[in-house]
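In: Could you look at this predicted model? Sequence included:
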Amino acid sequence: MMRDSKRTRSAPPREPLEMTEDMTPRSKRRKFVPFGEGAVLPEEMLTEVFLRLPIKSILRFRAACHSRYAMLSSQEFCQLYITRTEAMPPQPKLLFISPTANFNSTAVYTCSPSKPIDDLLFTLDDVRGNYVEVAPSPCHGLTLLYNAVAPAYYVFNATTRAITRLPPYQDVIHATAGVGFDARTKEFKVVRLFRGKSHEIHSVKCEIFILGGEEGDHWRPTAGGVPFRFCSFALSAIRNAVANKLQPVFVNGFLHWLINPSFLLKAPRAAIISFSLTDETFRWIRSPPFEVSRVHLAELDDQLCMVRDLRNGLPTGSMFEIWRLNDYNSGDWSLDYRIGLTGNLPRDLLEPRIVKVIGSFGSYRSSKKIIIATSKHKVCAYDPVSRTLETIVSIMVTCSAYQNEKSDIRFSSFTKSFTPVHRTRKEIGFSTPLSKATKEILLRLPAESILKLELVFGNKNVGMGFCQVTQSHAVVGIFYYWKNYESHQYYLTCIIWSCSSQGQPLPDPPLPVNDMPPVSLDGVLYWMSEPRLGQSYERAIVFFNIAAKIFDVIPCPSCIAIWDSRNPCHAFVVELQGMLCAVLSNPVADKLDIWKWDHGLWSIAYAINLKFWPDYSLATNVVVPLAVDPIDGKVLLNTGRKLGLYNPCEQTIENLHLIRRRSNRTLELTEISTLPDAKMFLRSSLSGNYYWLRARSLLTLQVLHQGRIHFTPETNLRS
């Protein structure tokens, strides 16, 4: 690759008779014409100049001004550039995926016959390089990359070095995906064929993600789903793709998956199941005239081909056959190439366990060569005219764990393209300079400082629960980037943290949640929805199962579910006596209605009247029930500054705490020491003031009945 260099030249001496600008009369001085205001060069000539520049220079000129960006980003210019590039003499260029030294990241390089590893394109952090699969052929310059650990899909353009991570998914046992182009809508789509956790055949499903689509950043089911008559074929294709690491191939508007007959009870007539990105329908293709075994699909000259591996361990009789599909309807196949392994380089294709055809280069049949990659990190070029093999790329891998052949093919074809990679809204939010700076600052702060910041910003959409399956704690956070209550639009992100792993993104909850903190019960977190956002104008309870990592919804009692923009009532969830409760706060009547969820039914539990207690007025306070005394049934209430015991029978409140200023430190230390985990919880938890007050309130009930400490009304505590 050519490296930029700076050269300095000495200016030639001026001739004695040269007239400088200072010697020219002011009236005759040449005026400076700003760029764009005068006819410097015709647009046609500029286009011809730009067409001869390398990709890096084009990208730099795009940033020069708005007019150049519009010109160099236009579909017409991009198509002219690609056409001119394809007409140039063949110079194969490939992509190579390699882990970093510590195996915690994955690096994407370009390589060519002139340089084994030419240029580092980018690095994917927290993506383990030994568990990454890459599609062997791009679609209009877009390459799909799969991280099996997360699991997660990435789409990137190697030319522009733009990359996006697709939204995560759940409830999947095995999945396979490919990227294609819808010629009718001019959209790029990622199609995912997967099998859910159910073992029934109906669990085979298909979903689509549109890059930069108006439908939003989420996977959606296909229009017709997977018809029953295709379920067995689809299930066989999924298993074959996962077992043999075979990605679908996009040709002529269809994504094609190879069917493995060994996964079926009866040998089928079909060899391939295909999916139309335009009609979103499935079809199957007949088998070629041989048993479909030890084969893989490839795209050559915009046609679907099947590569047959006929190696027997010896040069004699070992070969590869490439069959081309002539007609989709009749299933007519023809043998185009037979690659014998008796030449000078038989070992490069005989020894590797995995050998795949990943594309071709050259404009005409006489100069066209077929690219063959191996799991030994070598790439060969086969010339059909001379019937010779040539090793064009051989990469020496230094990581010992990466030298095994389990890692499969890590090469992909490189296609120059300006196809945009539309980032998700979540990535756009995280990639802003403010977000990056905030992240770096927060990572350097202790937990106590994070806790104080949460109290300042009022972020109460973080909850912590305990997973019975992994026997570990997990923290789930739902964060809003923006909300618009007038248009009901919002943008949020959801992340889960655990002790054994870093933060991982989760699918967005089915409904937006309000600002009140969640409740944790038996490995499940519960939030009250926000009816002022989204398309649902009723309240519901959103819950997240930590073990299954699944969101779902519980309907609210009818009196809470009904919402009106003119009604000042608000609702939230609490946990009382080990049960999920929904609370409706009515500031007009100064009344709290508490409903409990028991065996799938709602029933009224408490009606708290605060009309005669101005310090607990719902018009000026958010009053949260924290606990219920198991002996006398009194309800502990928290306003954020006061804690009081409410007597449902007498409708009176006994004030316990008044949080005003730092005082009575000895009493504080005595309180915390009675609950050994309280100090650790206070310093380590990132869940906010709610959990701290809850721990203090449970301690209050404990010491009241044990008689260890006698609290007098209006006891001053540290704020």
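Out: Sure, I can see it. Numbers count the residues shown, from 1 in each chain.

In: From here on, just use CA atoms for contacts and neighbour counts.
Out: Fine.

In: Helix, strand, or coil at Lys230?
Out: Quick fix: residue 230 reads Phe, not Lys. Under the three-state scheme (DSSP: H, G, I helix; E, B strand; the rest coil), Phe230 adopts helix.

In: now swap in Ala70 and tell me
Out: helix.

In: Ala243 now?
Out: helix.

In: And it, how far from Glu133?
Out: Distance, Ala243 to Glu133, using C-alpha to C-alpha, to the nearest Å: 13 Å.

In: Settle it for me: which of those two has more neighbours?
Out: Glu133 (22 against 10; other C-alpha atoms under 10 Å).

In: what helix or strand does that one sit in?
Out: strand 132-134 (DSSP states H and E).

In: Repeat that for Lys483.
Out: Judged by DSSP H and E, Lys483 forms part of strand 472-484.

In: now the angle from the next helix or strand after that strand to strand 472-484?
Out: Next helix or strand after strand 472-484 toward the C-terminus (DSSP H and E): strand 489-498. Relative orientation of strand 489-498 versus strand 472-484 (axes from the mean of the first three to the mean of the last three C-alpha atoms, to 10 degrees): 170 degrees.

In: Return strand 489-498 as PDB; C-alpha atoms alone will do.
Out: Extracted C-alpha coordinates of strand 489-498, given in PDB (Å, rounded to 0.1, in the frame of the first residue of the first chain):
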ATOM      1  CA  GLN A 489     -41.300   9.200  20.900                       C
ATOM      2  CA  TYR A 490     -38.300   8.000  22.800                       C
ATOM      3  CA  TYR A 491     -34.900   6.300  22.500                       C
ATOM      4  CA  LEU A 492     -33.500   4.000  25.200                       C
ATOM      5  CA  THR A 493     -30.900   1.300  25.600                       C
ATOM      6  CA  CYS A 494     -30.800  -1.700  28.000                       C
ATOM      7  CA  ILE A 495     -27.600  -3.200  29.400                       C
ATOM      8  CA  ILE A 496     -27.000  -6.100  31.800                       C
ATOM      9  CA  TRP A 497     -23.900  -6.500  34.000                       C
ATOM     10  CA  SER A 498     -22.800  -9.400  36.100                       C
END
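
In: strands paired with it, and their directions?
Out: Here strand 489-498 is paired, per DSSP bridges, with strand 472-484 (antiparallel), strand 501-506 (antiparallel).

In: what does that strand contact?
Out: For strand 489-498, contacts defined as C-alpha atoms under 8 Å, 6 or more residues apart in numbering pick out 425-426, 472-484, 503-509, 533-534.

In: now do 7 Å
Out: Residues from elsewhere that reach strand 489-498 (C-alpha atoms under 7 Å, 6 or more residues apart in numbering): 426, 473-484, 503-508, 533-534.

In: Drop anything exposed from those residues.
Out: 426, 473-480, 505-508, 533-534 (16 or more other C-alpha atoms under 10 Å).

In: Asp632: helix or strand, and which one exactly?
Out: Applying DSSP H and E, one finds Asp632 in no helix or strand.

In: For it, report the pLDDT, please.
Out: For Asp632, the model assigns a pLDDT of 85.

In: For it, the count of nearby residues, please.
Out: Residues near Asp632, counting by other C-alpha under 10 Å: 10.

In: same check, this time on Thr160
Out: Around Thr160 there are 19 residues (other C-alpha under 10 Å).

In: before we move on, what SS does it have?
Out: Criterion first, three-state DSSP; result for Thr160: coil.

In: give me every residue that touches it.
Out: Phe418.

In: Thr100 now?
Out: Thr100 is in contact with 106-107, counting by C-alpha under 7 Å, 6+ apart.

In: Helix or strand next in line after the strand holding Glu133, which one?
Out: Toward the C-terminus from strand 132-134 - assigned by DSSP H and E - lies strand 142-147.

In: how far does the helix or strand just after that next one sit from the chain's center?
Out: The first helix or strand that comes after strand 142-147 along the chain, using DSSP H and E, is strand 152-157. Distance of strand 152-157 from its chain centroid, counting by C-alpha atoms, centre = their mean, to the nearest Å, is 9 Å.
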